[in-house]
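# for reference, the sequence and a predicted model appear below.
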Amino acid sequence: MSSSMEPEMSYHQRLVVDLCFEESEYEAAIDMLVQLTSPRHRPTKLHIRQLLYIALLSPTDRHARIDPLASPSKRERKLGELPSAAASLAARNLLMAFAETNSPAAILLALQPGDVDSPEEAEGFLATESLCISRAKNCWQILAEGFLLDQQQQQFASVKRKGKVLSAGSFGDLHDTAEMRSPVGETAWPILEWLISIFERDEVATNATLRHSPLLLEQLGTASRRDSDAALAICHYSFAQSDPRRRALGIRLLNLLINLSSATDLDFPLLVVSIFNGLSESTSAEDIASLLAGLHPSSAVSKFKIALYQKYFNDTASNTSTNRKPIAARPRPQARAAQPKGSPAKARQSTSTSSASPSSLANKYRAPTSGDILRLLMETQASPRNKYDLLVAYNEFQVLAPASERDPEWLEVARNGTVLDKAFGCKAQGAATMEPSEGEGVVYRDLLAGTLSVY
């Protein structure tokens, strides 16, 4: 965490907010936090976790916390104890305000893996209920559909086991369908946007040669065991949404992961394979182009586009020759340096992450040569649109990448109309034995010529 992080709000300020929360005056507590929002001091971890709990609370969660067999007065009392829908909306707005006002590291202290609140210190309904936020192993877990409901029923089951027997069907259905649930619940979309905004701001604030978010890396396991599956599942789920705003969140998260894989030990080939495998066989050339077009231009993004299209074209060529889709192989794991015997796990993790500079951790994937790209294009029957996008991405990489990674032959290839005609399957222009060029390949060939002329 940053040494320049703003100090926490004063004890008196925290106490006033805590009293409101303990009295179930949620909107009053949130209004107080709105007034206290300042770049000069940060909110407490507990308040952020409580706001997240309120923001994630859904109608289903509220209904599950009211016993249908209780008397009307008890049900009314319980309903008054729960945050309202208005409080949930206010909590989401306040969280976004904090993200825009305070430093990213200060806000994400509340979701630091392994930093679990003590149940003995929890005072009041909200403090007790929001303990589940600190118990989450990473920020992705709290976004999952039914997260709060799972935590509430597990807590209820724990209490019941102490003195009474649970009915056979009380919680079986909950666990049986857990794996079928979506990685983002309906009330969690604003929280996903909040997290992405924080990671993006962290990228900008991080003083490093290669742009990346160290806070995002913290949410992907340890240096000895990176796990991007949950984040990638959210990407794929977002891509499948009909709402363009939700699809855009998936693209923004993917952009963050690409930057991270270019600057740290996050597995770049595995990222490419995962995104490729998540594309269904019915995905059109336009769908792929639309997905990649939303990524922010950079050498890391261009490299990712090249690698993804390589994978796509190679599989297209394989499908054409064998009429079946090959199984994508998982990238071979790289050997790790041996650790001294008896050294603590935390020491190993600290050595591997803090002593290595981003440039020394950058992935070793090198872009193919222009000759390799052209041979691939001539051997595949892929859409001219995708061929065009690959060549544009390759050209962007040649412009943005360090001189040591560029292909000196690309400039000549870009100027050679005959070579590009072959890549798009066009007939040579002006040849006496050839008919005039026509078709979709020519359209994208001419479009490419116009695109390359501006570089």
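That came through fine.

# number of residues surrounding Glu412?
Other residues near Glu412 number 11, with proximity taken as other Cβ atoms under 10 Å. All C-beta spots, glycine's among them, are computed from the backbone N, C-alpha and C.

# check which helix or strand covers it.
helix 410-415 (DSSP states H and E).

# same question for Tyr394.
Short version, using DSSP H and E: Tyr394 is in helix 384-400.

# who touches that helix?
285-286, 288-289, 292, 297-299, 302-303, 305-306, 309, 312-313, 367, 370, 373, 377, 405-407, 410-411, 414, 420, 423-425, 440-441, 443-445, 447-448, 451-452, 455 (Cβ atoms under 8 Å, 6 or more residues apart in numbering).

# out of these, which end up buried?
Burial by neighbour count, 16 or more other Cβ atoms under 10 Å: within those this picks out 285, 288, 292, 298-299, 302-303, 305-306, 309, 312-313, 367, 370, 373, 377, 406-407, 410, 414, 420, 423-425, 441, 443-445, 448, 451-452.

# now stretch 80-88: buried residues?
Under 16+ other Cβ under 10 Å, the buried positions of stretch 80-88 are Leu82, Pro83, Ala87, Ser88.

# kindly report the same for stretch 186-200.
187-200.

# if we can go back for a sec, after the helix holding Glu412 comes which helix or strand?
helix 417-423.

# what helices or strands is that following helix leaning on?
Packing contacts for helix 417-423, counted by 3 or more Cβ pairs under 8 Å, 6 or more residues apart in numbering; DSSP states H and E, involve helix 370-379, helix 384-400, helix 410-415, helix 440-453.

# of all those helices, which lies closest to Ile234?
helix 384-400 (24.2 Å; Cβ to Cβ).

# list the buried residues in that closest one.
So for helix 384-400, counting by 16+ other Cβ under 10 Å, buried means 384-398, 400.

# avg pLDDT for that helix?
Confidence over helix 384-400 (mean pLDDT, whole number) is 91.

# how far away from the center of its chain is it?
25 Å (Cα atoms, centre = their mean, to the nearest Å).

# with only the CA atoms kept, save that helix in CSV.
Taking only C-alpha atoms (Å, rounded to 0.1, in the frame of the first residue of the first chain), the coordinates of helix 384-400 have been written out as CSV:
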residue,chain,number,x,y,z
PRO,A,384,-11.5,-10.4,-44.6
ARG,A,385,-12.7,-8.2,-41.7
ASN,A,386,-10.7,-10.2,-39.2
LYS,A,387,-7.7,-10.2,-41.5
TYR,A,388,-8.0,-6.4,-41.7
ASP,A,389,-8.2,-6.1,-37.9
LEU,A,390,-5.1,-8.3,-37.4
LEU,A,391,-3.1,-6.3,-39.8
VAL,A,392,-4.2,-3.0,-38.3
ALA,A,393,-3.3,-4.4,-34.8
TYR,A,394,0.1,-5.5,-36.1
ASN,A,395,0.7,-2.0,-37.6
GLU,A,396,-0.4,-0.4,-34.3
PHE,A,397,2.1,-2.6,-32.5
GLN,A,398,4.9,-1.6,-34.8
VAL,A,399,4.1,2.1,-34.1
LEU,A,400,3.7,1.8,-30.3
